[in-house]
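Student: I would like the atomic coordinates for the input below:
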Amino acid sequence: MLIRTEAPADILAIDRLLKSVFETEAEADLVMTLRENGHLTLSLVACTDEGEVVGHLLFSPVTIEGDDLSWQGLAPLAVAKAYQGKGIAAALVEEAFSTLPEFGYPACVVLGDPQYYGRFQFKPAADYGLHCQWEVPPGAFQVRSLTEYSVAEQLAGRKGLVEYCPEFNGL
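Tutor: Numbers count the residues shown, from 1 in each chain. Model (predicted):
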C-alpha cells in the first residue's frame, strides 16, 4: 500500500471512491468544490500496488472566532468498502499527522465518532471552549495538536466558534 499526495490523475478516482463510500454525493461534491476553490490544504490517497486509489483523506482550513491560526479540518476520510478494516484509514491519518506540522499546521479538528477518532488522540473540543458551527452530538466535535504544544497552549486563552470553509455549508 502506497500513501501519497493526490495527483491530478487521481481526481476522478477520488470522486468515484467518495461516491461509492458515502450515502450521497455530497462529500464527493464537497471535495471537488474545495479543490476548485483552492481550499484544499492536504489531500492524500492510498493506492494498491497496481495503482488503484482505495483510500482518501482531505484537510482544509478552519478559523477560530474568525482568526486564521493555520488549524485544519479533517474531512472527509474514506476507504473503499473492500479495503476497510485493513488499517488504511489509520495509515492515511498518521501520514497526514507527520506531514501537516512540516508545513506549519499546528492542530486539527474533526467531526466524527469519538471512539474512532479518540485512537488518534483527538479530544472533545468543548474541553477547550471550542464549538462547531453546526449542532452536533456531544463529543463528536474534536481537536488534536499536531506539535509538541498542547491545544490549550496553542489557543492561548482563545475559545469560541470553529468554522470550516464556506463550501461545507452546502452539506
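Student: alpha carbons only for contacts and neighbour counts from here, please
Tutor: OK.
Student: I'd like to know which helix or strand in the protein has the lowest mean pLDDT.
Tutor: helix 151-155 (a mean of 89; mean pLDDT, DSSP states H and E).
Student: ok, and for that one, which residues are buried?
Tutor: Buried residues in helix 151-155, counted by 16 or more other C-alpha atoms under 10 Å: Val151, Gln154, Leu155.
Student: Next SSE downstream of it?
Tutor: strand 160-164 (DSSP states H and E).
Student: Could you export that following strand as CSV, CA atoms only?
Tutor: The C-alpha atoms that make up strand 160-164 are tabulated as CSV, following Å, rounded to 0.1, in the frame of the first residue of the first chain:
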residue,chain,number,x,y,z
GLY,A,160,-15.3,30.0,20.6
LEU,A,161,-16.6,29.1,17.2
VAL,A,162,-14.6,27.0,14.8
GLU,A,163,-15.7,27.5,11.2
TYR,A,164,-14.9,25.4,8.2
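Student: Enumerate the sheet neighbours of that strand, specifying parallel or antiparallel for every one.
Tutor: strand 53-64 (antiparallel), strand 130-132 (parallel) (DSSP bridges).
Student: starting at the chain centroid, how far to that strand?
Tutor: 15 Å (C-alpha atoms, centre = their mean, to the nearest Å).
Student: Now do the least confident helix or strand of the chain: everything it contacts.
Tutor: Pro106, Ala107, Tyr128, Val143, Arg144, Ser145 (C-alpha atoms under 8 Å, 6 or more residues apart in numbering).
Student: now, the most widely separated pair of those?
Tutor: Pro106 and Tyr128 (15.4 Å; C-alpha to C-alpha).
Student: Neighbour count: these two, which is higher?
Tutor: Using other C-alpha atoms under 10 Å, the more surrounded residue of Pro106 and Tyr128 is Pro106, with 22 against 17.
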